[in-house]
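J.: give me the fold of what follows.
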Amino acid sequence: MSHQYRSSHLPAPCIISSGIIVNKSDIKRLLQDLAWVRYTHFLDGEQQSIGEGWVVEVFDDVKQATLVVNQSLYLNLHSFDYLHLKEAEDGKTYFELVQDNRVLRLDMAENPVGTTPAASKTMPEGTLEEMVTQVLSARWDVQMDDDENFNF
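T.: Predicted coordinates:
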């Protein structure tokens, strides 16, 4: 086996509790599992703002902004150079999204309401069943029409 072959097949990184992540797909996987977070925004090492909110969306788009407003976080991975995983004194991992002199720190937090935004938008009981019934009924109607039109 040549040295060249071995170096091109290095194992993927393994990060446990702390480290720096630059791969946007890895960052997205980590962040989209977050729900209610405490966030702290630092600029040039000085705290600018602090709050709590839902991680509503994690995406990567050069034309959109990261938005943190009204307890909702829309995180654009393109707004940051990397994610730094750090371990706090209590052993919990927190996330620092870093871009030049800006850091957005995200800590897991207890949801004060006890529900997720998705849970508050659930369908009334029976609605899904009714929708499925309508779809199946429409499909059966199409099949019956096809059978009638193509009878030889």
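J.: what residues does residue 47 make contact with?
T.: Taking Cβ atoms under 8 Å, 6 or more residues apart in numbering as the contact definition, residue 47 lies against 40-41. Glycine gets a C-beta too; all of them are placed from N, C-alpha and C.
J.: just the element for it, please.
T.: Here residue 47, judged by DSSP states H and E, is contained in strand 46-59.
J.: pLDDT of that strand, averaged?
T.: Regarding strand 46-59, the rounded mean pLDDT is 96.
J.: can I get the CA coordinates of it in CSV?
T.: This file holds the C-alpha atoms of strand 46-59, laid out as CSV (Å, rounded to 0.1, in the frame of the first residue of the first chain):
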residue,chain,number,x,y,z
GLU,A,46,-17.9,42.3,25.3
GLN,A,47,-21.4,41.1,26.0
GLN,A,48,-23.9,42.9,23.8
SER,A,49,-27.1,41.1,24.5
ILE,A,50,-28.5,38.1,26.3
GLY,A,51,-31.8,36.3,26.1
GLU,A,52,-33.7,33.0,25.6
GLY,A,53,-35.6,31.6,22.6
TRP,A,54,-36.4,28.8,20.2
VAL,A,55,-34.0,27.6,17.6
VAL,A,56,-36.7,27.8,14.9
GLU,A,57,-34.5,27.2,11.8
VAL,A,58,-30.9,26.3,11.0
PHE,A,59,-29.9,26.9,7.3
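J.: which helix or strand lies directly C-terminal to the helix or strand of the chain with the lowest mean pLDDT?
T.: Within the chain, no helix or strand scores below helix 3-7, which has a mean of 53 by mean pLDDT, DSSP states H and E. Helices and strands here follow DSSP H and E; after helix 3-7, the next one along the chain is strand 19-21.
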